[in-house]
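Q: Fold the stuff below for me.
(chains A and B)
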Amino acid sequence: AQSVTQLDSQVPVFEEAPVELRCNYSSSVSVYLFWYVQYPNQGLQLLLKYLSGSTLVKGINGFEAEFNKSQTSFHLRKPSVHISDTAEYFCAVSESTNAGKSTFGDGTTLTVKP
Amino acid sequence: GAGVSQSPSNKVTEKGKDVELRCDPISGHTALYWYRQSLGQGLEFLIYFQGNSAPDKSGLPSDRFSAERTGGSVSTLTIQRTQQEDSAVYLCASSYNSWNPGNTIYFGEGSWLTVV
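A: Got it, this is the predicted structure:
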């Protein structure tokens, strides 16, 4: 069965600083990987996804993530954050054998300070 | 509708009572998912439906939980004999279909359930 570990529960950063939110997964088959964002008082929305091909994927709002199969990681990065990026971020994985069932990490709260 | 709609948005119920949570997916979406988000935790998969196929119920935590999807559209999640540990946000989502992982999954804003 697949599992996801988000290594940091909270990440505080200053505005315009770079940020990396870490995600590791475990699975015995090939996987699809996702990052979702949940802004305060809003529902989850997809930030980006890795299905196949290029290991560097770009998403909305200037975020990108890199799939590293050898390290079973899918870390999310942004070179310069804004106050409006303050939100909770969830990493998720689904397996090629059952793409409809996603497993989510516990979330990382990103707080951007002025 | 424009998005996934869930009702009620908030529900307070007494321990031991049954509750029903409703989800109206995006029109044309054949896949519908239910997740649970407890305070400070990630999303826990409960069940998903794909068209008229038998649902994947592997995430339902106990036989007190059940879900149905009538006519391939609206879904109802039922929790019988609620317990305090059932208190959580119940999230519904839908996508065009579940077998293509490239299809974006759209989430509703959730139903907040509090069992007192």
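Q: Sketch out the low-pLDDT regions of chain B for me.
A: Scanning chain B with the threshold set as pLDDT under 70 gives B:1.
Q: Burial check on A:T55, number of neighbours?
A: Counted with other CB atoms under 10 Å in any protein chain shown, the burial measure for A:T55 works out to 12 neighbours. (Glycine included, C-beta is placed from N, CA and C.)
Q: let me fix that: A:V11
A: A:V11: 18 neighbours (other CB under 10 Å).
Q: Contacts only, for the spatially closest residue to it that is not a sequence neighbour.
A: Distances taken as CB to CB, 6 or more residues apart in numbering or on different chains place A:L110 nearest to A:V11, at 5.2 Å, with adjacent residues excluded. A:L110 is in contact with A:V11, A:V13, A:V19, A:L21, A:V81, A:D85, A:T86, A:A87, A:E88, A:Y89, counting by CB atoms under 8 Å, 6 or more residues apart in numbering or on different chains.
Q: how near is A:L110 to chain B?
A: A:L110 is 15 Å from chain B, where distance means CB to the nearest CB, to the nearest Å.
Q: okay, which residue is most central for chain B?
A: B:W34 (3.0 Å; CA atoms, centre = their mean).
Q: what about the closest residue to it other than its chain neighbours, which helix or strand?
A: Taking CB to CB, 6+ apart as the measure, B:W34 lies nearest to B:L46, with 4.2 Å between them; neighbours along the chain are not counted. Using DSSP states H and E, B:L46 sits in strand B:43-50.
Q: right, is the helix or strand following that strand up against chain A?
A: On the C-terminal side of strand B:43-50, the closest following helix or strand by DSSP H and E is strand B:65-69. No. No part of strand B:65-69 sits near chain A under the criterion CB under 8 Å from any CB of the partner chain; the closest distance found is 13.5 Å.
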